[in-house]
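Peer 1: how would this look folded up:
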Amino acid sequence: MATATAPAESTPVVMPDEADPSPDGLTDAQVRERFAAFGPNEIVEKEKSALKEFLGHFWAPIPWMIEVALVLSILVRRWPDAAIIGVLLIVNGVVAFAEEHEAANAIAALKERLATEATVMRDGVWRTVAVRELVPGDRIRVRLGDVVPADARVLDDTTMDVDQAALTGESLPVELSKGETLYSGAVIVRGETDAVVTATGEHSFFGKTTALVGEAGTESHLQKAVLRIGNYLILLALALVTVTLVVSIARGNPVLTVLEFALVVVIASVPVALPAVMSVTLAVGARTLAKHKAVVSNLPAVEELGSIDILCSDKTGTLTENRLAILDPWVPDGVDQADLLGSAALASRSENADPIDRIVISTAEDRLHGAAGGAVTEFVPFDPVRKRTEATVGIDGAPGAYHVSKGAPQVIAQLCDGDPAADQVGRIADEFAARGFRSLAVARTDESGAWRLLGVLPLADPPRHDTADTVAAAQDLGVQVKMVTGDQVAISRELARQIGMGDNILNTAALEKAAPGSGTIEELELAELVEVADGFAQVFPEHKYRIVKMLQERGHIVGMTGDGVNDAPALKQANAGIAVADATDAARAAADVVLLSPGLGVISKAIVQAREIIQRMVNYATYRITETIRVLGLMTLTIVAYNFFPVTAMMIVLLALLNDGAILTIAYDKVRGSHKPVVWDMRGTLTLATVLGVIGVCETFLIFLLGKEVWHLGDGTIQSLVYLSLSVSGQATIFVTRTKGPFWTRPAPAKPLLIAVLVAQLIATCVTGFGIGMTPLGWGLVGFVWAYAAVCFLVEDRVKLLTLGWLERHPKAVAPEGSRRSMAQ
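Peer 2: All right, here's what the predicted structure looks like:
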């Protein structure tokens, strides 16, 4: 059976009679006393008010701006404006609220894994009680097929096999004996025993895991970016609204006029569609990832996936095939490998559920092209005392019979006492163990009935055929892959050698040397060891969680793969938690991304796709900030200089609906993602957007001056002129911001984006040309606006190149020195 590391030791509740529990179990009085002291044996979920969570999405910078605009529109009785703004506010809140509840889902999945009833001895009578009624010190009985109801210590002098795959993710059952701990949620696959409950509820392994899931979580870099954009625009809006109000009041304008000025400026400053466009871009990207067998359950994780620079990968089933395999065996001189495999197969039974028997038989059939010869007339199965199987084989057509046996190397070596080859078994087994292999020795009797050694079979979980290439591909993408496993250090190092990873494997016993959050020199030194390690062995659940937090505290964006319940806290804490194929429900619920195909290959593809998605969002954010500054600056400048609205509030709303509606198609745009991990370079983004925005203000104010001072147009016509200029020039800005080079740089814009922009501007042109809901502009002026916009577009593109060049020459002005990741522009 497997010797994989068990889950971390839960905190036992030490009772006076725990060391030697009474054969009659607890009395009812003791049960009542302990139930009152320790509470029910269940995971208690802290309920949150759904209403409070929903309302919380209206308490943030961008919602504040929208809410101020809504209040002002009501005060000045602009009911159509108020209705449109109110709908946008609610839609943004509903979209954000729908992306919640991952922790609740993870806890619900953990609960599903627990047993519901238990057999317990109380007052000298075996009873069946609800699992929630178990208390520390209870004597329980578990047998084949039972789900362990609470953490308990084995009492009987027996050996049993326990499937902890849902807890640890390791593929083989764990062999446990007297004095060892059974963990709640594990399944008994062989044997039965009495056990004494050592921990229940929040003190158990499940309880600790659930607590970590509840504590875990990080704010995504996308959320931080949107927050920073909102803060930037709020400060800008406050400054310009203050200027507008002061000037208006100084001029003696009526209160209603002052409020109208404030309303128009506030509406101009609100990027109402920013959250929605970001969400749609992420959702479209998530559908693309789903085609690559990566299902996204938490939309902001799409952006995080493209930013990770460290990927902590589970070993079993991700880097390896999650199955036992027989590697090249050792045979003594004069013995053929076919004899070794054939005899090992005869000493196995296909109907047994034992994974070792199954792999021995299937390997023999594959390599010998058929079943091993001979008919087994008697079979003695493996038991923990003999530590070997034995079969009696009658040879076809001959009266004689012989025996074959397979089992622990030291046992088979003793069986072959007198065979010189047996003296080498210990050395061979040690060599295999040093490489992380388990060993299985095989022997057969000769004509005289003496046992002869046939060889030693090394058993291991082999790496997937594509793992080495995938690890190399991840490294080319600037992502360091760190192995995380509950297996021994030797096994981890051998796998690392095979797949081309470094062999600096850290035994997580080192993590116990410094308490989390202590801030001591020891913890700082440990954090450095974690950062430079290539992998981690003998990992417990809280170790995974702590490893992720340590790496995050050192400035890394961390991805974490996992499949078991014990992985749930780390998956929740990671910037991008990835549940691998065949993961448990708890792991899937805690993860941000769920893989539908095995291996790391799909993760590499997902990272490439995610980086393209990030680039689309950066392009849009730059465009949106630029246009907000353009409109906001123009409004303030004309109100201060001329006490005049260059556009109406309804025109601004129409501008947002048409232009941002068309820009939704940026989710399908063709872009070139970074070759390295990317994070939001907000200084660079805000610098470029501010420069382009100021240029836009100058361009649009110039056309306003032409209409006002040169052509002496009427107020309504000037507003139509400015509106069309804002619409056409503003929409064209997206083709400036979507590339770092000249606007014609490949890849070319996607057809959906081009078509949407053309349709939106055709509508805007018709609305102004025919005067639908505004003063007709006249087709001559319409043509002039389009020509003027084309010239401005070329100017903006040149200014963009100059700004990006300046940013590259002054990197310290936009990025922290020594940054580990490239910055998305």
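
Peer 1: element containing the closest residue to residue 592 other than its chain neighbours, please.
Peer 2: Distances taken as Cβ to Cβ, 6 or more residues apart in numbering place residue 301 nearest to residue 592, at 3.2 Å, with adjacent residues excluded. Heads up, the C-betas are built off the backbone N, CA and C, glycines and all. Residue 301 belongs to helix 300-307 when assigned by DSSP states H and E.

Peer 1: centre of the chain to that helix, how far?
Peer 2: 8 Å (Cα atoms, centre = their mean, to the nearest Å).

Peer 1: what residues does it touch?
Peer 2: Identification of contacts with helix 300-307 by Cβ atoms under 8 Å, 6 or more residues apart in numbering yields 99, 220-223, 282, 285-286, 289, 296, 557, 559, 575-577, 592-593, 606-607, 609-614, 617, 673-674, 677-679, 821.

Peer 1: right, and residue 282 touches residue 610 too?
Peer 2: No - assessed by Cβ atoms under 8 Å, residue 282 is found out of contact with residue 610, at 9.8 Å.

Peer 1: of these two, which one has the most company?
Peer 2: Set residue 282 next to residue 610 and count neighbours by other Cβ atoms under 10 Å: residue 610 wins out with 29 against 25.

Peer 1: does that one really touch residue 285, like I thought?
Peer 2: Yes - counting by Cβ under 8 Å, residue 285 is a contact partner of residue 610 at 7.1 Å.

Peer 1: what sits against the residue nearest to the spatial centre of the chain?
Peer 2: What sits nearest the mean C-alpha location of the chain, by Cα atoms, centre = their mean, is residue 577, with 1.9 Å. The contact partners of residue 577, by Cβ under 8 Å, 6+ apart, come to 301, 559-560, 562, 570-571, 590-593.

Peer 1: apart from its chain neighbours, what residue comes closest to it?
Peer 2: residue 571 (3.3 Å).

Peer 1: which helix is the longest one in the protein?
Peer 2: Counting residues, the longest helix found in the chain (DSSP state H) is helix 601-642.

Peer 1: that one: what's the following helix or strand?
Peer 2: Using DSSP H and E, the helix or strand that follows helix 601-642 towards the C-terminus is helix 649-655.

Peer 1: of the contacts of residue 577, which belong to helices?
Peer 2: 301, 570-571, 590.

Peer 1: can you lay out those as CSV showing neighbour count and pLDDT?
Peer 2: Below are the ones in helices among the contacts of residue 577 laid out as CSV (neighbours: other Cβ atoms under 10 Å; pLDDT from 0 to 100):
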residue, neighbour count, pLDDT
301, 26, 76
570, 31, 82
571, 34, 85
590, 35, 75
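
Peer 1: can you tell me which of the residues you listed is nearest residue 683?
Peer 2: Within the ones in helices among the contacts of residue 577, proximity to residue 683 (Cβ to Cβ) peaks at residue 301, which comes in at 24.4 Å.

Peer 1: need the longest strand for this structure.
Peer 2: In the chain, with assignment by DSSP state E, the single longest strand is strand 451-460.

Peer 1: name all residues that make contact with the residue lying closest to residue 613 once chain neighbours are set aside.
Peer 2: Once flanking residues are discounted, residue 613 sits nearest to residue 285: 3.7 Å by Cβ to Cβ, 6+ apart. By Cβ under 8 Å, 6+ apart, the contact set of residue 285 is 302, 609-610, 612-613, 616, 667.

Peer 1: so where does residue 285 fall, helix or strand?
Peer 2: With DSSP H and E as criterion, residue 285 is part of helix 274-291.

Peer 1: dump that helix to CSV, keeping only the CA atoms.
Peer 2: The C-alpha coordinates for helix 274-291 follow below in CSV (Å, rounded to 0.1, in the frame of the first residue of the first chain):
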residue,chain,number,x,y,z
LEU,A,274,-16.4,50.3,-17.8
PRO,A,275,-17.4,47.4,-15.4
ALA,A,276,-19.7,46.0,-18.0
VAL,A,277,-17.2,46.1,-20.9
MET,A,278,-14.6,44.5,-18.6
SER,A,279,-17.0,41.8,-17.6
VAL,A,280,-18.0,41.1,-21.2
THR,A,281,-14.4,41.0,-22.3
LEU,A,282,-13.6,38.5,-19.6
ALA,A,283,-16.7,36.4,-20.4
VAL,A,284,-15.8,36.2,-24.0
GLY,A,285,-12.3,35.2,-23.1
ALA,A,286,-13.7,32.6,-20.7
ARG,A,287,-15.6,31.0,-23.6
THR,A,288,-12.4,30.9,-25.6
LEU,A,289,-10.6,29.2,-22.7
ALA,A,290,-13.5,26.7,-22.4
LYS,A,291,-12.7,25.6,-26.0
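
Peer 1: surely residue 230 touches residue 66?
Peer 2: No - Residue 230 is not in contact with residue 66 according to Cβ under 8 Å; the separation is 10.2 Å.

Peer 1: quick one: which of the two has more around it?
Peer 2: The residue with more neighbours, out of residue 230 and residue 66, is residue 66; 24 against 20, by other Cβ under 10 Å.

Peer 1: one step back: so what's the gap between the helix or strand following the helix holding residue 285 and the chain middle?
Peer 2: Moving toward the C-terminus from helix 274-291, the next helix or strand (DSSP H and E) is strand 294-296. Taking the mean of its C-alpha atoms, strand 294-296 sits 10 Å from the chain's own mean (Cα atoms, centre = their mean).
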